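Enquirer: Here is a sequence with its predicted model. Questions after.
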Amino acid sequence: MTDSAIKIFIIEDDMFYSKLLKSTLDKVDRYDVRVFGNGTDAIQHLYEKPDIITIDHNLPDMSGIEILRKVREYDPNIVPIYMSGQDEIQVVVQAYKDGAKDYIMKEENAVLLLQKSLENIAENLRLKREIEELRDKAIEYGKYSSIIGESPAMHKVIRLMEKVANTDLTVLITGESGTGKEVIANALHYNSNRKRKPFVAVNMGAIPIDLVESELFGHERGSFTGASSKRIGRFEEADGGTIFLDEIAEMDMSLQAKLLRVLQEKSIQRVGGSKTINLDIRIIAATNKILADSVKEGKFREDLYYRLQGFLIKMPPLRERGNDIIILANYFKSQYAKNTRQPELALTGEAARILMQHTWPGNVRELKSVVERAIIISDNDKIETEDLIFSDSAM
Ligand SMILES: Nc1ncnc2c1ncn2[C@@H]1O[C@H](COP(=O)(O)OP(=O)(O)OP(=O)(O)O)[C@@H](O)[C@H]1O
Ligand SMILES: [Mg+2]
């Protein structure tokens, strides 16, 4: 794909000139060149997705600037090059303002200049495509490799996750510490059609209370002491994508009321601002608390609780996942070997039995650190029982 053809449209009414351009550019194998004698024809063929368009300033049916605007509106990824017979500064400025990548004066060396310009753009396109391919691969990778587990309890979670991923429903993920709530939140995003947009994670327990509102909603300049400039909040950052509100139970009551409003209206106001900003966001929340208890204790709004419960994913504790303990241990073991470029150790049967017997108060996170510690402690090519060290409490 990186070496695939580059489709070029030439919009030029001067027959002599368009023939000259075409015959020159046709010599480059990668270029797939089409000529249009007027703007209307070219616009009607934009669905063919040209990569680059050269636009002549004076055309029989419309001005080059008009075409330029239409092209930009149709698809801002198309790269326009503006060509003109005259050297009028207003035209040059206007062309650049309307998104032309380059401006070429039709003088003696115009064809050469165009060739150079096309070479540069083609190289940029190649790099851009390469990056996109890598990103797609990363997305595919994130999608299939990050949730490890074959137990019925995890199958249930994965099935639910896949069902709800591509909807805009608000999802609440609950479960003990270290069970993989964030892993599921990530998977929800990367299995949705929002995957190319931001995934913004905010830990409600980690932000000081007096900063949290501005962190989430942003603020206008001068809205409070210290707000010397405007700030975009996390919700706005997540526009088009997903916001993950981790440790939602830590959210202060007054902020809960504001969050409820965001959920209902899908819009926010910056702190100190009066403008309503509409957002297209998917909200995922997580907690290791029993929210119903927080409601009873008067620490969590009941209305928000019901709103969040709309779609609930409960993460099973590791001790209820049976053989997943071994599958995960092997996974972390091989990840560690890959990351450190060291040979992978074997897990002895006896060590595996000990892992299966442990109750894992710190769940998957604890398992990961026990495995990594064992690898470091081991002084041969195996993980044995004496290499396994458990901490007394959840980590
Ligand atoms: N099913 C899984 N497959 C692979 N790795 C996992 C899985 N579940 C959890 N992990 C890993 O375990 C660690 C803890 O997971 P995560 O941070 O998602 O837990 P959590 O439920 O959000 O914990 P906490 O409540 O403490 O925030 C991470 O390193 C994560 O990558
Ligand atoms: Mg977490």
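Expert: Here it is on my side, so go on. Ligands and ions are numbered 1, 2, ... in the order given.

Enquirer: hang on, Val35 is in a strand, isn't it?
Expert: Yes. Assessed with DSSP: H, G, I helix; E, B strand; the rest coil, Val35 lies in a strand.

Enquirer: Do you know the pLDDT at it?
Expert: Looking at Val35, its pLDDT reads 95.

Enquirer: Also the one 4 residues further on?
Expert: Among the per-residue scores, Gly39 holds a pLDDT of 94.

Enquirer: Check whether it really touches His57, as I assumed.
Expert: No. The criterion here is Cβ atoms under 8 Å, and Gly39 misses it with His57 at 11.2 Å. From N, CA and C alone the C-beta is placed, and that goes for glycine too.

Enquirer: Now the common contact residues for these two.
Expert: Listed as contacting both Gly39 and His57 by Cβ atoms under 8 Å, 6 or more residues apart in numbering are Gly64.

Enquirer: Run through the residues of the stretch 101-250 of the chain sitting next to ligand 1.
Expert: Within the stretch 101-250 of the chain, the positions lying close to ligand 1 (Cβ under 6 Å from any ligand atom) are Ile147, Ile148, Gly149, Gly175, Ser177, Gly178, Thr179, Gly180, Lys181, Glu182, Val183.

Enquirer: who touches Leu59 in this structure?
Expert: Leu59 makes contact with Ile11, Asp13, Asn38, Gly39, Ile67, according to Cβ under 8 Å, 6+ apart.

Enquirer: picking up where we left off before, where does confidence bottom out across the residues of the stretch 101-250 of the chain next to ligand 1?
Expert: Within those, pLDDT is lowest for Ile147, at 88.

Enquirer: since we're on that one, how many residues are nearby?
Expert: Burial of Ile147 is recorded as 16 neighbouring residues (other Cβ atoms under 10 Å).

Enquirer: do Leu127 as well
Expert: 11.

Enquirer: count of neighbours near the residue of the stretch 101-250 of the chain found nearest ligand 2?
Expert: With Cβ to the ion as the measure, Glu182 is the residue of the stretch 101-250 of the chain nearest to ligand 2, at 4.1 Å. Glu182: 16 surrounding residues under other Cβ under 10 Å.

Enquirer: Could you do Ser267 as well?
Expert: 14.

Enquirer: Please name the nearest non-neighbouring residue to Ala122.
Expert: Distances taken as Cβ to Cβ, 6 or more residues apart in numbering place Ile6 nearest to Ala122, at 5.2 Å, with adjacent residues excluded.

Enquirer: Tell me the pLDDT of the one you found.
Expert: pLDDT at Ile6 comes out at 92.

Enquirer: Identify, by residue count, the longest helix of this structure.
Expert: Scanning the chain for the longest helix, with DSSP state H as the assignment, gives helix 110-145.

Enquirer: Run the chain-centre distance for whatever helix or strand Arg365 lives in.
Expert: Secondary structure from DSSP states H and E places Arg365 in helix 363-377. Distance, stretch centre to chain centre, for helix 363-377: 30 Å (Cα atoms, centre = their mean, to the nearest Å).

Enquirer: ok so the residue of the stretch 101-250 of the chain closest to ligand 2 is a helix residue?
Expert: Yes. If the criterion is three-state DSSP, then Glu182 is within a helix.

Enquirer: could you dump the helix holding Arg365 to CSV, C-alpha only?
Expert: Taking C-alpha atoms only, helix 363-377 is exported to CSV below (Å, rounded to 0.1, in the frame of the first residue of the first chain):
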residue,chain,number,x,y,z
ASN,A,363,-6.1,-10.0,41.4
VAL,A,364,-4.4,-9.8,38.0
ARG,A,365,-2.2,-6.9,39.0
GLU,A,366,-0.9,-9.0,41.9
LEU,A,367,-0.3,-12.0,39.7
LYS,A,368,1.7,-9.9,37.3
SER,A,369,4.0,-8.6,39.9
VAL,A,370,4.4,-12.0,41.6
VAL,A,371,5.4,-13.4,38.2
GLU,A,372,7.8,-10.6,37.4
ARG,A,373,9.4,-10.8,40.8
ALA,A,374,9.8,-14.6,40.5
ILE,A,375,11.6,-14.1,37.1
ILE,A,376,14.1,-11.7,38.8
ILE,A,377,14.6,-13.9,41.8
